[in-house]
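**Student:** here is my input, please return the structure:
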Amino acid sequence: MSDTITLVPREIEDYAIAHSSPQPAIHAGLRARTVAETTLPQMQIGHMEGRFLYLLAKLAGARTAVEIGTFTGTSALHIAEALTDDGTLITCDISEEWTAIARDHWAQVPWGHKIDLRLAPALETLATLDGPIDFAFIDADKGGYIAYWEALVPKMRRGGLIVVDNVLWGGKVLNPQDDSDHAICAFNDHARADTRMELVMLTVRDGVTVA
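**Tutor:** Coordinates of the predicted model:
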């Protein structure tokens, strides 16, 4: 699985996957197409994180979900599968090319109709949503993380969950160098200091904060 990012030894990652519930078969085809047709296939989430998102959304009983950063639609498939039968996932992206791949695969599963793609800057889409939101996933441009957080938190229902990806950023949070490194560090400090939320940072894949 060289197209995924993980901070643990590959053998441990594979062992954990083998001892977790399987994901729907649709994901294998989507992963293969993402590797074949995009230049940054590592942007898609891996098996472990996908089933983690699914389980969190399922445990939350989520009906209304929001995703910032669609890419080729892997995370959207996991989240939408977990929503109630009348649930909706609003997923935000600006790439017609990448999300065209997502649309093709969403159409192949019974829960694909729950996914509502909004092709526009995410902050513009978030401004149109009233809430309450049950579940949110942030996995987009790192410089925008604080703004996305601030737009989402007031709209979350009490007990709702925000999940944020790449919070360890390949370990570069320990020695930040470029703008993205510093943006992730700034977000992590910002989220930790937010008294409206309780959170835990986990070492799943490239670091996941659950708030």
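
**Student:** got a list of contacts for the strand or helix carrying Ile101?
**Tutor:** Using DSSP states H and E, Ile101 maps to helix 96-106. If you take C-beta atoms under 8 Å, 6 or more residues apart in numbering as the criterion, helix 96-106 is touched by 26, 29-30, 33-34, 37-38, 70-73, 76-77, 80, 93, 112, 115, 117, 119. C-beta coordinates here come from the backbone N, C-alpha and C atoms, glycine included.

**Student:** try it again at 6 Å.
**Tutor:** Ile26, Leu30, Arg33, Thr70, Phe71, Thr72, Gly73, Asp93, Gly112, Ile115, Leu117 (C-beta atoms under 6 Å, 6 or more residues apart in numbering).

**Student:** which helices and strands sit right next to the helix of greatest length in the chain?
**Tutor:** As assigned by DSSP state H, the longest helix anywhere in the chain is helix 179-193. If contacts are counted by 3 or more C-beta pairs under 6 Å, 6 or more residues apart in numbering; DSSP states H and E, helix 179-193 sits against helix 145-152.

**Student:** dump the C-alpha coordinates for the helix it packs on into PDB.
**Tutor:** The C-alpha coordinates for helix 145-152 follow below in PDB (Å, rounded to 0.1, in the frame of the first residue of the first chain):
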ATOM      1  CA  TYR A 145      -7.600  24.400   8.900                       C
ATOM      2  CA  ILE A 146      -8.200  27.100  11.500                       C
ATOM      3  CA  ALA A 147     -10.800  28.900   9.400                       C
ATOM      4  CA  TYR A 148     -12.600  25.600   8.700                       C
ATOM      5  CA  TRP A 149     -12.600  24.800  12.400                       C
ATOM      6  CA  GLU A 150     -14.000  28.200  13.300                       C
ATOM      7  CA  ALA A 151     -16.700  27.900  10.700                       C
ATOM      8  CA  LEU A 152     -17.700  24.400  11.900                       C
END
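
**Student:** quick one: average pLDDT of it?
**Tutor:** Mean pLDDT, helix 145-152: 98.

**Student:** pull the distance from it to the chain's centre.
**Tutor:** 14 Å (C-alpha atoms, centre = their mean, to the nearest Å).

**Student:** now do the buried residues in it.
**Tutor:** Tyr145, Tyr148, Trp149, Ala151, Leu152 (16 or more other C-beta atoms under 10 Å).

**Student:** wasn't Arg158 part of a strand?
**Tutor:** Yes. Under DSSP: H, G, I helix; E, B strand; the rest coil, Arg158 sits within a strand.

**Student:** that one: how many residues sit nearby?
**Tutor:** 5 (other C-beta atoms under 10 Å).

**Student:** and the gap between it and Ser95?
**Tutor:** Using C-beta to C-beta, to the nearest Å, Arg158 is found at 34 Å from Ser95.

**Student:** many thanks, I have nothing further to ask.
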